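Participant: A structural model of the following input is requested.
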Amino acid sequence: MRTDRKGSGSTGRPASKEQTIEDKLKKAEAKIKLNGFIKNLPFIWGFQRS
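Facilitator: Residues are numbered from 1 along each chain as shown. Below you'll find the predicted structure:
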């Protein structure tokens, strides 16, 4: 019997697996890096903040 769900009911997340401290740190660093990149997008494209 299959227990995986596909479609609108699926969350797309792994099943309640505990993350290690290293995994949490990698995720946090990636979020910070992405936020910094998104903040600088207007400058990359030539727009200026008001």
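Participant: going forward, measure contacts between C-alpha atoms and count neighbours the same way
Facilitator: OK.
Participant: packing partners for the helix or strand hosting residue 43?
Facilitator: Assigned by DSSP states H and E, residue 43 falls within helix 21-45. With contacts defined as 3 or more CA pairs under 8 Å, 6 or more residues apart in numbering; DSSP states H and E, helix 21-45 has no helix or strand neighbours.
Participant: Tally up the residues packed near residue 24, please.
Facilitator: 11 (other CA atoms under 10 Å).
Participant: what's near enough to touch it?
Facilitator: Listed by CA atoms under 8 Å, 6 or more residues apart in numbering, residue 24 has no contact partners.
Participant: Pull up the gap between it and residue 18, please.
Facilitator: Remark: distance between residue 24 and residue 18 (CA to CA, to the nearest Å) = 10 Å.
Participant: again with residue 32
Facilitator: Going from residue 32 to residue 18 by CA to CA gives 22 Å.
Participant: What count of nearby residues applies to residue 21?
Facilitator: 9.
Participant: And for residue 18?
Facilitator: Neighbours of residue 18 (other CA under 10 Å): 8.
Participant: Secondary structure class of residue 19, three-state.
Facilitator: coil (DSSP: H, G, I helix; E, B strand; the rest coil).
Participant: Quick one: low-confidence residue ranges for the chain.
Facilitator: Residue ranges of the chain with pLDDT under 70: 1-16, 45, 47-50.
Participant: 50 instead?
Facilitator: The model of the chain has no residue with pLDDT under 50.
Participant: ok, how many other residues are close to residue 46?
Facilitator: The burial count for residue 46: 7, using other CA under 10 Å.
Participant: Can you give me the distance of it to residue 32?
Facilitator: From residue 46 over to residue 32 (counting by CA to CA), the distance is 23 Å.
Participant: and what of residue 22?
Facilitator: As judged by CA to CA, residue 22 and residue 32 stand 15 Å apart.
Participant: and if you look at residue 43?
Facilitator: From residue 43 across to residue 32, the span is 18 Å (CA to CA).
Participant: Now do the contacts for residue 18.
Facilitator: Counting by CA under 8 Å, 6+ apart, residue 18 has no contacts.
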